[in-house]
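# I'll drop the sequence and a predicted model, then ask my questions.
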Amino acid sequence: MRQFQCAASILVLAILAGCGGTSGSAGPTIDNTTARGTLFANPPNLVPIPQSNGTAVAKLEPAAFAAMLEAGSPGVTTVTGVPKCAISTYYMKYATVGGANEATDATGAIMVPSGTDPACTGPRPVILYAHGTTVEKAFNMANLRDNSEASLAAAMYAAQGFIVVAPNYAGYDTSSLPYHPYLNAEQQANDMIDALRAARKAFANIGAADSGKLVISGYSQGGHVAMATQRAMQTSYATEFNVTALAGLSGPYAMSLLGDVTFAGSPNAGGTVFLPMLSTSWQKSYGGLYASPSEIYEDPYANGIETLLPGALTFNGLFAANKLPALAMFAKASLPGPSSPAFAAFFGDGNLIKATFRNTVLADAQKNPCNANPANPLNCAPANAFRKAGVKNDLRTYIPKVPTMLCGGNGDPTVFFASTQATQAYFLSNGMPAAALTVLDVDSAPTSAADPFAAAKVGFGQSKSSTIAAAVAAKTDPAVAVANVYHGTLVPPFCNAAARAFFQSVLAR
């Protein structure tokens, strides 16, 4: 995925304000303070959106956006909906904190809808959107042309009348933090909160009329981040934020559970990338995971792994450059072996994780088991630092007081649907009203003609069938073809469409 870059280097805030044009003739007001939520340049940068003919537009009109979407993925507007609103995109830089509560900065996007359609006029609801895992440091949600998740968020929400606030997270884009606090629930919630604080400072200067209704969502990593953010707003910032609804999409909420099953013999697809991101994040945030990365990783990978992610390489680029193995998490002869034949590919030569480290984790899991009681899964006291961090960042610690949706697919090889099911069980076992919780498996048949999510389920089924048919025609393994695109391509549009419908139903009450 190519990422957006300003033509000029961003060296100081004055240059930042001038990169790509400003939204006011007098130029922005610059604030150099480092208090959390500070917006460094107000108004933030108005981002020109490149078009296929070589021009760039300051405002993306609905017809042009529809054409752009269809050119990239024919038929996608049947899922996202035909754009109703024009979109103006702004690039902001704000002050936040890192994983060890150190002062830092981050960047993000604000997408503002406008137009004559009733969905685009007057005060609009705000969606605080958390993006999924990416290994590329240049990732930027203000890049609607070349960032597929930014484009999807714009189509699903901004083009349908939501003001979108979408952080890039500390450690990405031009952030000065030298690592990313990956799946650090407290830090990532702080980052999201600070992005919203900064965006709100800009709203009056960029034509964003906030209705006072706030919804929170995100996909994959972003599902975890979204839930962590709503938890923080509910438990620590209730006087500052009033959340209307939450939608977590394919998120690893049950971090302790997912970590334990990985080491027990059920690694997830992409785990050879995710685990180093986790370990570096938690080491930088809490310390104690290792004295040297070589305690966790085999020699070909240990050197430089703490600064590898995020970086310049793509997922496939990391594998091609032998920076990380594509599949082999554990050694082929490692015991216990794969929990089922489906996980055999994750045990092989050139593996990432040392047996000594795995054995330490497994021994602690046996001595100090977690996840025994669905109603109280974190009633455990792990001694291993990695497992301690998993418990610390597990979100089964509270009950949302807002209408909540959890969406995913039961066949997801990247973020196991067991995370959603375990979170559902915890919420319901601890008093969350069933009417307040909507759980959607898009990889299932409609329950009836009245199923409110029938379109998402049918659409997902059709996309999955098309993937299988294409694999058969190409004489490749259909199961592998589906697994390769399940989490990153097949599920996101349908869960986002369902989340938008869920939000609209809550907002209409």
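On my side now, so go ahead.
# domain ranges for this structure?
Under the assignment automatic domain parsing, the domains of the chain span 13-209+222-241, 243-254+395-509, 258-392.
# Could you dump those domains into a markdown table with mean neighbour count added?
In short, each C-beta sits where N, CA and C put it, glycine included. Shown next, in a markdown table, are the domains of the chain (neighbours: other Cβ atoms under 10 Å):
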| stretch | mean neighbour count |
| --- | --- |
| domain 13-209+222-241 | 21 |
| domain 243-254+395-509 | 19 |
| domain 258-392 | 18 |
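# Turn the ones you listed into CSV, columns for distance to residue 215 and mean pLDDT.
Below are the domains of the chain laid out as CSV (distance: least, Cβ to Cβ, whole Å; pLDDT from 0 to 100):
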stretch, distance to residue 215, mean pLDDT
domain 13-209+222-241, 5, 93
domain 243-254+395-509, 5, 98
domain 258-392, 26, 98
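# need those in JSON lines with distance to residue 216, can you?
Below are these laid out as JSON lines (distance: least, Cβ to Cβ, whole Å):
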{"stretch": "domain 13-209+222-241", "distance to residue 216": "5"}
{"stretch": "domain 243-254+395-509", "distance to residue 216": "5"}
{"stretch": "domain 258-392", "distance to residue 216": "21"}
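# Any idea how far stretch 191-201 is from the middle of the chain?
Put simply, stretch 191-201 sits 17 Å off its chain's centre (Cα atoms, centre = their mean, to the nearest Å).
# Give me the residues contacting that stretch.
Defining contact as Cβ atoms under 8 Å, 6 or more residues apart in numbering, one finds that stretch 191-201 is touched by 36-39, 42, 92, 94-97, 106, 108, 110, 126, 128, 130, 165-167, 169-170, 181, 208, 210, 214, 216, 225-226, 229, 232-233, 237, 241.
# what does stretch 285-303 give?
By Cβ under 8 Å, 6+ apart, stretch 285-303 touches 98-100, 181, 184, 187, 276, 279, 282-283, 305-306, 322-325, 350-354, 356-357, 385-386, 388-389, 392.
# one more time with 6 Å, if that's ok
Applying Cβ atoms under 6 Å, 6 or more residues apart in numbering, the contact partners of stretch 285-303 are 99-100, 181, 184, 279, 282-283, 305, 352, 354, 357, 385-386.
# could you pull out the strands for the stretch 301-450 of the chain?
With DSSP state E, counting those that start in this stretch applied, the stretch 301-450 of the chain shows strands at 404-408, 437-441, listed in chain order.
# re earlier: could the contacts of stretch 285-303 go into a markdown table alongside distance to residue 63?
Converted to a markdown table, the contacts of stretch 285-303 look like this (distance: Cβ to Cβ, whole Å):
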| residue | distance to residue 63 |
| --- | --- |
| 99 | 44 |
| 100 | 48 |
| 181 | 40 |
| 184 | 42 |
| 279 | 47 |
| 282 | 47 |
| 283 | 49 |
| 305 | 47 |
| 352 | 48 |
| 354 | 56 |
| 357 | 55 |
| 385 | 54 |
| 386 | 51 |
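# Now intersect those residues with the helices, please.
Residues of those located in helices (DSSP state H): 279, 282-283, 357, 385-386.
# And these, which is closest to residue 405?
residue 282 (28.4 Å; Cβ to Cβ).
# can you tell me which residues contact that closest one?
Applying Cβ under 6 Å, 6+ apart, the residues near residue 282 are 289, 389.
# where's it relative to residue 58, distance?
Per Cβ to Cβ, to the nearest Å, residue 282 is found 42 Å from residue 58.
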